[in-house]
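> Okay, here's the prediction I keep looking at, along with the sequence it came from:
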Amino acid sequence: MVNAVQAMSGTTQREILVRTAAKSYQAHYSVEDSGPGIPGDRAASTFESFFTTNDGGMGKGLPISRSIIEAHDGTMNADNDSALGGARFSFSLPLS
């Protein structure tokens, strides 16, 4: 959610949509924003260490988050399919 807020800093309309669901023995969580989205030429780098589009960022938050989620047999994804027009980051974890 912090990344979403920072991504929308230069926009006039700021919206965040958080969704949670439990289905098929998994917990699903997503955060969508109305920011500019992930630049197409940078989409493949989103989860690489030290990659950032934030001037004050270190590029460690998303890679660390993804490694923690994957260590718990989950998945984490990013895309520009937000219902609000910006980026969507989502993850799923198995329910035990």
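That came in fine, so what should we check first? Quick caveat: nothing in here was measured; it's all calculated off a predicted structure.

> Point out where this structure drops to low pLDDT.
For the chain, applying pLDDT under 70 flags the ranges 49-59.

> what are the ranges of the helices in it?
Counting by DSSP state H, the segments of the chain that form helices are 2-7, 61-71.

> What residues of the first one count as buried?
Of the residues in helix 2-7, Asn3, Ala4, Gln6, Ala7 count as buried by neighbour count, 16 or more other CB atoms under 10 Å. All C-beta spots, glycine's among them, are computed from the backbone N, C-alpha and C.

> And the furthest pair within those?
Greatest spatial distance among the buried residues of helix 2-7 (CB to CB): Ala4 and Gln6, at 7.4 Å.

> and Arg66, how many residues sit next to it?
The tally of other residues near Arg66 (other CB atoms under 10 Å) stands at 19.

> got the contact list for it?
Phe47, Met76 (CB atoms under 8 Å, 6 or more residues apart in numbering).

> distance of it from Lys60?
Per CB to CB, to the nearest Å, Arg66 is found 11 Å from Lys60.

> Just the closest of the buried residues of helix 2-7 to Met76, please.
For those, the minimum distance to Met76 (CB to CB) is 12.5 Å, reached by Asn3.

> if I pick that closest one, what's in contact with it?
Val31, Asn54, Gly61, Leu62, Phe89.

> Please repeat the previous calculation with a cut-off of 7 Å.
Neighbouring residues of Asn3 by CB atoms under 7 Å, 6 or more residues apart in numbering: Gly61.

> Look up the residues forming beta bridges with the closest residue to Ser30 other than its chain neighbours.
Leaving out its chain neighbours, the residue that sits closest to Ser30 by CB to CB, 6 or more residues apart in numbering is Ser90, at 3.7 Å. Beta-bridge partners recorded for Ser90 (DSSP bridges): Ser30, Asn77.
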